[in-house]
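Colleague: Give me a model of this one.
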Amino acid sequence: MPLSNLKCSGAKLLYRYLSYTHGVLFYAAYFWAGAMITAAVVHLIAVSRRMKNRKHAIRPFLCMLLIPLLTTINKILVAAKLPQASLSSEILIFCMIGVQEFCIRNRLLPHNENYADFFARTELPVSITDKELSPVYRTAIPVTAEPEQRRQAVGSFVYPDPNTRLSGMELQGGYAFFVEDESVLRRLNEELEDANEILSMENELLAHEQCLVITQNGKRRLLSGCAHNGILNILDRYKELFGSEPDCVISGFHMMKRDGAHTAEEKAVIIQTAQELSQMKTVFYSGHCTGIPAFEMMKEIMGEKLIALHSGEAVIS
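Modeller: Numbering: from 1, shown residues only. Down below sits the predicted model:
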């Protein structure tokens, strides 16, 4: 056989062996495309679990519908004895390209292109400037501030308006600025100030809470309301005025709770109060605002020195 024929036959064999439609490259492309699609699917499943908008991560799966669509078209062409539009390996490659392109465009896969567009679509009030504080990149929500305000905000923060906090930091080649909406925080602070003012007014009212001392037949009886100032504080003031302890106290102790459940700290205060009152010679008549749970705890400590007083009853001492 002539040498030229051998060379021709060898070239045909090598072409047939390396052709991706019939040889190793065909199956290599097939496997590569399938592996890439599988990797993209696994990644999308992982992303969809941590994204708030899971539909955004599921959309690339629509590209995989190209596989049955193109396969069906190929079968129709073969049945009609027409040239095929694409081979099965090419179908997989087209689908792989579509899935990955969608992932890249929507920042589901990391890449180093189109940062400006991604930054512009970000719904955060951020801007990046050059060293002269001229904006270079802006997000969908603009940062509104004067150049002097930006300059003051670098490494710190300023308030362009009462509800907006502008902060800045130095970057390589420029600065980054971002704003925070503090309107809710400002409203809560105003509500807190109003509450403090109300409490201050109530404290002033409590400071003027009055008690009545009745002296008769050599005995003194102390009458109070709910003892908002604290029964021990009232008794301390009584001792300052009269130099002794009252013979009888008619007062609530302001220990009742709506749900009837006291915390451990509250129980400790109740017990300590009862222990101090039990050291006095005074007899205490307690009203409804003491509360049954607190009264029972105090009764165990004070014994006969604590008597429950109900509506319609008379105190004779």
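
Colleague: Show me what the helix ranked longest in the chain is packed against.
Modeller: In the chain, with assignment by DSSP state H, the single longest helix is helix 24-50. Applying 3 or more CB pairs under 8 Å, 6 or more residues apart in numbering; DSSP states H and E, one finds that helix 24-50 contacts helix 3-18, helix 54-58, helix 88-105. In this view, the C-beta of every residue, glycine as well, is placed from N, C-alpha and C.

Colleague: Can you flag the weakest of these by average pLDDT?
Modeller: Per-stretch mean pLDDT for the helices and strands packed on helix 24-50 is lowest at helix 3-18 (a mean of 48).

Colleague: Distance from the chain centre to the one helix or strand residue 265 maps to, please.
Modeller: Assigned by DSSP states H and E, residue 265 falls within helix 264-278. What separates the centre of helix 264-278 from the centre of its chain is 39 Å, taken as CA atoms, centre = their mean, to the nearest Å.

Colleague: buried residues in that helix?
Modeller: The neighbour-count check on helix 264-278 (16 or more other CB atoms under 10 Å) flags 270, 273, 274, 277 as buried.

Colleague: now the strands for the stretch 101-250 of the chain?
Modeller: Along the stretch 101-250 of the chain, counting by DSSP state E, counting those that start in this stretch, strands occupy 126-130, 135-138, 157-161, 164-171, 174-181, 212-216, 219-223, 248-250.

Colleague: between those, which gets nearest to residue 72?
Modeller: Closest approach to residue 72 among the strands of the stretch 101-250 of the chain (CB to CB): strand 135-138, 45.8 Å.

Colleague: quick check: mean pLDDT across the closest one?
Modeller: Strand 135-138 comes out at a mean pLDDT of 85.

Colleague: host element of the residue nearest to residue 261 when sequence neighbours are not counted?
Modeller: Once flanking residues are discounted, residue 261 sits nearest to residue 293: 8.0 Å by CB to CB, 6 or more residues apart in numbering. Assessed by DSSP H and E, residue 293 sits inside helix 292-302.

Colleague: Compute the mean per-residue pLDDT across the helix holding residue 265, please.
Modeller: Across helix 264-278, the per-residue pLDDT values average to 92.

Colleague: tell me what it is packed against?
Modeller: helix 231-242, helix 292-302.

Colleague: circling back: just name the most buried of the strands of the stretch 101-250 of the chain.
Modeller: The highest average neighbour count among the strands of the stretch 101-250 of the chain, using mean count of other CB atoms under 10 Å, belongs to strand 248-250 at a mean of 21.

Colleague: Show me the contact partners of that strand.
Modeller: Residues outside strand 248-250 that contact it (CB atoms under 8 Å, 6 or more residues apart in numbering): 219-224, 231, 235, 282-285, 287, 309, 315, 317.

Colleague: Give me the residue ranges of the stretch 51-200 of the chain where confidence is low.
Modeller: By pLDDT under 70, the weakly predicted segments of the stretch 51-200 of the chain are 51-64, 66, 83-92, 103-115.

Colleague: and the longest helix of the chain, what's its mean pLDDT?
Modeller: For helix 24-50, mean pLDDT is 71.

Colleague: hmm, back to that, put the alpha carbons of the helix holding residue 293 into PDB.
Modeller: Extracted C-alpha coordinates of helix 292-302, given in PDB (Å, rounded to 0.1, in the frame of the first residue of the first chain):
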ATOM      1  CA  ILE A 292     -53.400  37.800  99.000                       C
ATOM      2  CA  PRO A 293     -50.100  36.100  98.000                       C
ATOM      3  CA  ALA A 294     -48.000  38.800  99.600                       C
ATOM      4  CA  PHE A 295     -50.300  39.000 102.700                       C
ATOM      5  CA  GLU A 296     -49.900  35.300 103.200                       C
ATOM      6  CA  MET A 297     -46.100  35.500 103.000                       C
ATOM      7  CA  MET A 298     -46.100  38.400 105.500                       C
ATOM      8  CA  LYS A 299     -48.600  36.700 107.800                       C
ATOM      9  CA  GLU A 300     -46.200  33.800 108.300                       C
ATOM     10  CA  ILE A 301     -43.600  36.100 109.600                       C
ATOM     11  CA  MET A 302     -45.600  38.800 111.400                       C
END
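
Colleague: Note down every partner strand of the following helix or strand past it and its orientation.
Modeller: Downstream of helix 292-302, the next assigned helix or strand under DSSP H and E is strand 306-308. Take DSSP bridges as the rule and strand 306-308 pairs in its sheet with strand 283-286 (parallel).

Colleague: roughly how far out does the partner strand sit from the chain middle?
Modeller: Strand 283-286 sits 50 Å away from the centroid of its parent chain (CA atoms, centre = their mean).

Colleague: partners of the residue nearest to residue 242 when sequence neighbours are not counted in the sheet?
Modeller: Leaving aside its sequence neighbours, residue 242 sits nearest to residue 220 (CB to CB, 6+ apart; 6.7 Å). Under DSSP bridges, the beta-bridge partners of residue 220 are residue 215.
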